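Engineer: need a structure here:
(one chain, ligands or ions: 1)
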Amino acid sequence: MTPRADRFATIAAKVDAGVPLDLDDGVVLYRHPDLCALGSLANRVRERLHGDRTYFNVNFHINATNVCHADCKFCSFARLQPGMPQAYTMGLDEIRGKLVERRGQRITEIHIVNGLHPDLPWSYFLDTLRVLKAERPDIHLKAYTAVEIHDFARRYGKDYEQVLRELIDAGLGSLPGGGAEIFAPRVRQKICRDKASAEEWLEIHRTAHRLGLRTNATMLYGTIETIEERVDHMLRLRALQAETGGFQTFIPLAFHPDGNDLGKLPAPTGIDDLRTYAVARLMLHNIAHIKAYWVMLGVKTAQIAQSFGADDIDGTVQEEKIYHMAGAETPQTLARVDLVRLIREAGRQAVERDTLYNVLWEDDGAPLEGIRVDASVPYSRHANRVNLAQVQ
Ligand code: V47
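Structural biologist: Residues are numbered from 1 along each chain as shown. Below is the predicted model:
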């Protein structure tokens, strides 16, 4: 055996024995030339945890304002001041309208991520949740990244716990994983220096977990970070997870270069995407789910990622702005039937979940034509194991 193959075999033995990998292991895996061997090791863990299941949900996004005083170099979505070209802020009626226009549709989650607006009142963020809950109390609100929570605390003179408690009272169900970028201070200083630090981001998730919220975690890869800094990022998340158990999903986000200050950098290659998914699955033994967010990864890579460690592809999404303003070529939405098809074709069993991974429906392989695209039939409380024809 070559020294490299020997090292890989040692790491594989650790994985099989359930021994956590360290920074060096992660770097060796990232640099391992045999992508298929790496993918197959990650797939072993994925199948140990989830078998053939790949999760998706029926959701939509609201980006209520793109006005943002932080000047993140990778961002194509933000406009620094109100009134700048393409700057917008939705009123509460417009926000409510997003649900009114979808009345009767079977939706289980709204994902809300905004810019850091310099002068909206605190009530705007609470009322956003309240008006949505008033219209549809059954829908889970996954809202406001830790970076936004940090900004609320600073701007409105509250601590993290107060901010989160008030948001929970207004209807908050969980936190999305955005804003983590790369935790290494060297990188943060260069690409996103005027927002929450790594320690602040982690402290907010720690506080959220203590208050009983589940949260997600992301990593923006493909800007100026090193492989070591990516693995370090994963290890910091793993350490917090060992403490709290509150993370549900890790979502690697591939950098999109259009329309931002890092536009000269190339986007990560497909090989880098697959390596990142595989390494994430192997490093993060204590985070249950790895999400291949099809919007940024592209539908085709999201299919392949299901054999490289990913067990979730996110949802129908419907109106996405952050990536589409950065050059994402994916569609604005995939219908439920399309998600099921692309999971099936990846050789997996599609499982519709709610935000907290309660199972709502499982694919039993019935003809795809039976899947209604408009998803207008409400879920039964007992939808867990019904067949496709009954649910649809
Ligand atoms: O924090 C912004 C990233 C994130 C670019 O929790 C970019 O389920 C690449 O958090 N290229 C926001 N990435 C999106 C987010 C998210 C998305 C889907 C699911 C979940 C979840 C969370 O988008 C930001 C930043 O890291 N981002 N601009 C860009 N040009």
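Engineer: Could you use CA atoms for every contact and neighbour count after this?
Structural biologist: OK.
Engineer: And the residue in the stretch 1-150 of the chain that the ligand sits nearest to, its phi and psi?
Structural biologist: Closest approach between the stretch 1-150 of the chain and the ligand, counting by Cα to the nearest ligand atom: residue 75, at 4.1 Å. The phi/psi pair for residue 75 (degrees, to the nearest 10) reads phi -100, psi 130.
Engineer: can you tell me how far it sits from residue 22?
Structural biologist: Computed as Cα to Cα, to the nearest Å, the residue 75 to residue 22 distance reads 31 Å.
Engineer: cool, residue 194 as well?
Structural biologist: Distance from residue 194 to residue 22, by Cα to Cα: 31 Å.
Engineer: Residue 75 and residue 22: which has the busier surroundings?
Structural biologist: residue 75 (24 against 13; other Cα atoms under 10 Å).
Engineer: In this structure the more buried one contacts residue 260, no?
Structural biologist: Yes. Using Cα atoms under 8 Å, residue 75 makes contact with residue 260 at a distance of 5.6 Å.
Engineer: intersection of neighbour lists for these two?
Structural biologist: Residues within reach of residue 75 and of residue 260 at once, by Cα atoms under 8 Å, 6 or more residues apart in numbering, are residue 326.
Engineer: Against residue 214, how distant is the residue of the stretch 101-250 of the chain found nearest the ligand?
Structural biologist: Minimum separation of the stretch 101-250 of the chain from the ligand (Cα to the nearest ligand atom) falls at residue 178, amounting to 2.9 Å. Separation of residue 178 from residue 214 (Cα to Cα): 14 Å.
Engineer: tally of neighbours for residue 159?
Structural biologist: 14.
Engineer: which residue packs closest to it, ignoring adjacent ones?
Structural biologist: Closest residue to residue 159 apart from its sequence neighbours, by Cα to Cα, 6 or more residues apart in numbering: residue 153 at 5.4 Å.
Engineer: ok, and does whichever strand or helix holds that neighbour reach over to the ligand?
Structural biologist: Element membership of residue 153, judged by DSSP states H and E, is helix 146-156. No. Judged by Cα under 6 Å from any ligand atom, helix 146-156 and the ligand are separated, with a smallest distance of 8.2 Å.
Engineer: Relative to the whole chain's centre, how far out is the next helix or strand after that helix?
Structural biologist: Past helix 146-156, further along toward the C-terminus, the next helix or strand under DSSP H and E is helix 160-170. Computed by Cα atoms, centre = their mean, to the nearest Å, the chain-centroid distance of helix 160-170 equals 22 Å.
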